[in-house]
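A.B. asks: Just a sequence and a predicted model for now, questions to come.
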Amino acid sequence: MQMTTALLIANPCDEEEDNMAMLCCHNAQGEMFLMSRYPDEDELEITLDGEPSTLEGVKVTLGPTRLKIEIAAADADALNGDDVLEITYDPKVTDMVELELTLQNILKGTGTFISQL
């Protein structure tokens, strides 16, 4: 599955939401992707078009203009039947430091984070 967005919205620690780390984006068709995790949870949550799924073992690769999210084939329903979501984004309008820190917080202890920056 692929999405294109101008902006990846990242918050490594939302104090108003019990220190939840959150990554969100919308594409031109209005579809929303949200990945989040509370610091005391062992799993992260992915929401695609309003349907939340709780997952473990997620692998995320952050590149200069692409974010690749890989999940287990058994969890493919979280991504509308796909086990990979590639999000193309504009690094000029995305806070890359916040993005990298947010992904580290979301995946720490429950997934794999690879930065290609």
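C.D. replies: Arrived safely.
A.B. asks: Not counting sequence-adjacent ones, nearest residue to Glu51?
C.D. replies: Ala78 (7.7 Å; C-beta to C-beta, 6 or more residues apart in numbering). Using the backbone N, CA and C atoms, a C-beta is placed for each residue, glycine as well.
A.B. asks: thinking the one you found is in contact with Val58, fair?
C.D. replies: No: using C-beta atoms under 8 Å, Ala78 is not in contact with Val58; the gap is 9.4 Å.
A.B. asks: what touches both of these two?
C.D. replies: 46, 71 (C-beta atoms under 8 Å, 6 or more residues apart in numbering).
A.B. asks: who's in contact with the spatially most central residue of the chain?
C.D. replies: Nearest to the geometric centre of the chain sits Met35, at 4.2 Å (C-alpha atoms, centre = their mean). Counting by C-beta under 8 Å, 6+ apart, Met35 makes contact with 22-24, 44-47, 69, 106.
A.B. asks: how about a cut-off of 10 Å?
C.D. replies: Going by C-beta atoms under 10 Å, 6 or more residues apart in numbering, Met35 touches 10, 21-25, 44-48, 55, 58, 60, 67, 69, 85, 102-103, 106-107, 111.
A.B. asks: residue at max distance from the center of the protein?
C.D. replies: Glu16 (19.5 Å).
A.B. asks: any idea whether that residue is helix, strand or coil?
C.D. replies: Under the three-state scheme (DSSP: H, G, I helix; E, B strand; the rest coil), Glu16 adopts helix.
A.B. asks: Could you point out the helix or strand that follows the helix or strand of the chain with the lowest mean pLDDT?
C.D. replies: Ranked by mean pLDDT, DSSP states H and E, the weakest helix or strand in the chain is strand 51-55, scoring a mean of 94. Sequence order places strand 58-62 as the next helix or strand after strand 51-55, per DSSP states H and E.
A.B. asks: neighbouring contacts of the helix or strand just after that following strand?
C.D. replies: Downstream of strand 58-62, the first helix or strand assigned by DSSP H and E is strand 66-70. Residues outside strand 66-70 that contact it (C-beta under 10 Å, 6+ apart): 1-3, 5, 8, 23, 25, 33, 35, 46, 55, 57-62, 78-79, 82-89, 91, 94, 99, 103, 111-112, 114, 116.
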